[in-house]
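Peer 1: Next input, structure requested:
(chains A and B)
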Amino acid sequence: MTKPLLQMAGMSVELSAGKSQVDIVCDIDLELNRGERLGIVGESGSGKSMTALAVMGLLPQRMRVRGELLFDGRNLANLGEADYCGYRGRRMAMIFQEPMTALNPVKSIGAQIAEGRRLHLGETKADAEKKARALLDRVGLPAPRFDLDLYPHQLSGGQRQRVMIAMAIACEPDLLIADEPTTALDVTVQAQILDLLDELIEDTGTALMLITHDLGVVSEMTDRIAVMYAGRIIETGRTDDVFARMAHPYARGLFAASPHGAALAPRQAGEGRPRLNAIPGIVPDPFGRPPHCSFAERCAFVQTDCRHAIPPLDLINTDGNVPHRAACFHPRERMVAP
Amino acid sequence: MSEVILKTTDLVREYDLPRPSIFSKQSRLRVLHGVSIELAAGQSLGIVGESGSGKSTLARAVMGLERPQSGEVDIAGRNIYALDRTGLREARKGFQAIFQDPYGSLDPRHTVRTIISEPIVSLERGTSTAERNQRIAEVLEAVGLPLASADKYPHEFSGGQRQRIAIARALITRPALIVADEPVSALDVSIQAQVLNLMMDLQERLGLSYLFISHDLGVVRAITDRVAVMHLGRIVEEGPTNDVFDKPRHPYTQALVAAVPKPFSGRRKRVRSDAPPQTPVHTATTTAGCAYAAVCPVRQEICLTRTPVAKPVTPAWSARCHFA
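Peer 2: Next comes the predicted model:
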């Protein structure tokens, strides 16, 4: 078997605040093969974006990576900035959430798309711009309406996100990380962007790491998912398996709380409106995470042993070649199909 | 039909566009093209649509914050734009707003007590301190925050708690109508569910009516009785929420509902289209024909020449399409 493209083993992201240190992301074990699509799901503060930034080597200054972060066999943890520049944009690229702020407002979109090719591949300006033109056509922004010398403010949100995608795929990277690529967009535009991403990945064979809080988006876009809570992966497996079982109470709670879930419950006439199944409480602060299961305080199925140790990410089902794991002492059984 | 708490009639709102030169004629952008909605007391009406469809402008017009060029807003039977200053002040006690951004809508330099009591201080002058304190305790209890939070500052709270503070501020004048503009869009799923549940509880306990504006169809489905779908400043479909989302009649509503990614739907089925992405544009004035015709899959000749009128599907459900 070939080596995975990206391999994280016991990877943590450490934040130093004054004298104290805290792990924002703890003990991540994750693999991603070429051409595979991985979804990372979680709420804000779960560490999903930090995991992505760690891969890209874009962590804020006070944070550093511990453990193994292998990309194509090389450990990127705490790699020097100069070496990282050879990877970033060339071998791995990122699509950010806010197309409004992630583009440079004073450079034309053509120059921004061509920049990567000129820097990484040493192309001439003319060649790079020719390629940029082809890329814009590829992402659905045809000439002459969408010229290379347009500036980001002349485009709508969805068009800007297309430009971001064109920039990301410019050097044909092996890994594409999309951090909430459609959260800031309207649903119809979101559908167009997801279609575009889907098509590009199919054509180029790039690996995708899709970070989102939207269960609908991961369900439609990914092969495997990892659900994160309070800095740890709490459930992972094939997307279909995880959706079919949702062994961890948090994964299940997240699904039930989303209005998608509520829409499944029909309304009873005469009675009051059915309530959403909210998860009580809030996500623990990274500085105050308990030494036991961090979901114990909010969990409806909590037992005494949950308050003694952090549950390991155990195998709960071995059917198929992708293991289904959950970090829970009392994993739930198969869900009744909705 | 029970009493109508909010009724707008043919609201038209236009904005002046910047003039390319001081000699050129002033041009205008029409953002609301004659919007009429009705909300019965104790019910909730959702307004859905994409950005730029005019839903927030409608909310601002209903709140009395932006006078429309024509049309009426009647709240509890009174046209709020016909009232004088004192009259409007009095009427404002009956309708309050909750905004989207729980970080931007609370003044960081004020304590929660000051923030929450501001509506009574400005709208109900002469309320005694004792009564004010009692009302503060009442609303904090109603939104599920401890009394001690009154002396804290907004930065000490999480996003969900801040939105509870915003709800407490809206409730303190004991309004009958609450206009909520994307109240849960900035919150995480599990917190969003808590806040929506709270809003439903309050509605049942206090008999509130909500004008609930959101782009999230799932959220709207969870909390509203009726829904109005807006497209480019026009209401294209209106009816009971479940009916409209289950069997949408207007092609735009159908496109919206189909675009939402759903769990359990398996791998995405792509709609391949070679047409460049369409961006909807507002028109300066009302033109003949249907505004959705440019991108509509079922477009016919008639759509380009005749403006569709609201056609009833059932007595409580209508769609503005020639083929609904």
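
Peer 1: Pull up the gap between the residue of the stretch 151-300 of chain B found nearest chain A and residue B:137, please.
Peer 2: For the stretch 151-300 of chain B, the residue closest to chain A is residue B:218, as judged by C-beta to the nearest C-beta, at 2.9 Å. C-beta here means a position set from N, CA and C on the backbone, and glycine is covered the same way. From residue B:218 across to residue B:137, the span is 34 Å (C-beta to C-beta, to the nearest Å).

Peer 1: Just want the most central residue of chain B.
Peer 2: Central residue of chain B (C-alpha atoms, centre = their mean): residue B:213, 2.9 Å from the mean position.

Peer 1: thought that residue was touching residue B:57?
Peer 2: No - taking contacts as C-beta atoms under 8 Å, residue B:213 lies outside contact range of residue B:57: 10.3 Å.

Peer 1: Taking chain A, what residue is nearest to chain B?
Peer 2: For chain A, C-beta to the nearest C-beta, closest residue to chain B: residue A:259, 2.9 Å.

Peer 1: Next up, the contacts around that residue.
Peer 2: Neighbour list for residue A:259: A:276, B:192, B:193, B:196, B:216, B:218, B:219, B:221, B:222 [criterion: C-beta atoms under 8 Å, 6 or more residues apart in numbering or on different chains].

Peer 1: do residue A:4 as well
Peer 2: If a contact means C-beta under 8 Å, 6+ apart, then residue A:4 has A:31, A:32, A:33 as its contacts.

Peer 1: repeat that with 10 Å
Peer 2: By C-beta atoms under 10 Å, 6 or more residues apart in numbering or on different chains, the residues touching residue A:4 are A:30, A:31, A:32, A:33, A:34, A:36, A:70, A:71, A:72, A:73, A:207.

Peer 1: Identify the residues contacting the fourth one.
Peer 2: With contacts defined as C-beta under 10 Å, 6+ apart, residue A:33 is in contact with A:1, A:2, A:3, A:4, A:5, A:6, A:7, A:207, A:223, A:224.

Peer 1: For residue B:218 and residue B:137, indicate the residue with more neighbours.
Peer 2: Remark: of residue B:218 and residue B:137, residue B:218 carries more neighbours, 20 against 12, as counted by other C-beta atoms under 10 Å in any protein chain shown.

Peer 1: Test my guess that the more buried one contacts residue A:258.
Peer 2: Yes - applying C-beta atoms under 10 Å, one finds residue B:218 in contact with residue A:258, separated by 6.9 Å.

Peer 1: Mind listing the shared neighbours of the two?
Peer 2: Counting by C-beta under 10 Å, 6+ apart, the contacts common to residue B:218 and residue A:258 are A:216, A:276, B:189, B:192.

Peer 1: Roughly how far does the third one sit from residue B:20?
Peer 2: Looking back up the chat, that one is residue B:189. For residue B:189, the distance to residue B:20 - C-beta to C-beta - is 46 Å.

Peer 1: Mind checking which of those two has more residues around it?
Peer 2: residue B:189 (26 against 8).

Peer 1: Just the element for residue B:34, please.
Peer 2: Here residue B:34 sits within strand B:28-40, counting by DSSP states H and E.

Peer 1: Buried residues, the helix or strand following that strand. List them.
Peer 2: Remark: after strand B:28-40, the chain's next helix or strand is strand B:44-48, criterion DSSP H and E. Within strand B:44-48, the residues scored as buried using 16 or more other C-beta atoms under 10 Å in any protein chain shown are B:44, B:45, B:46, B:47, B:48.
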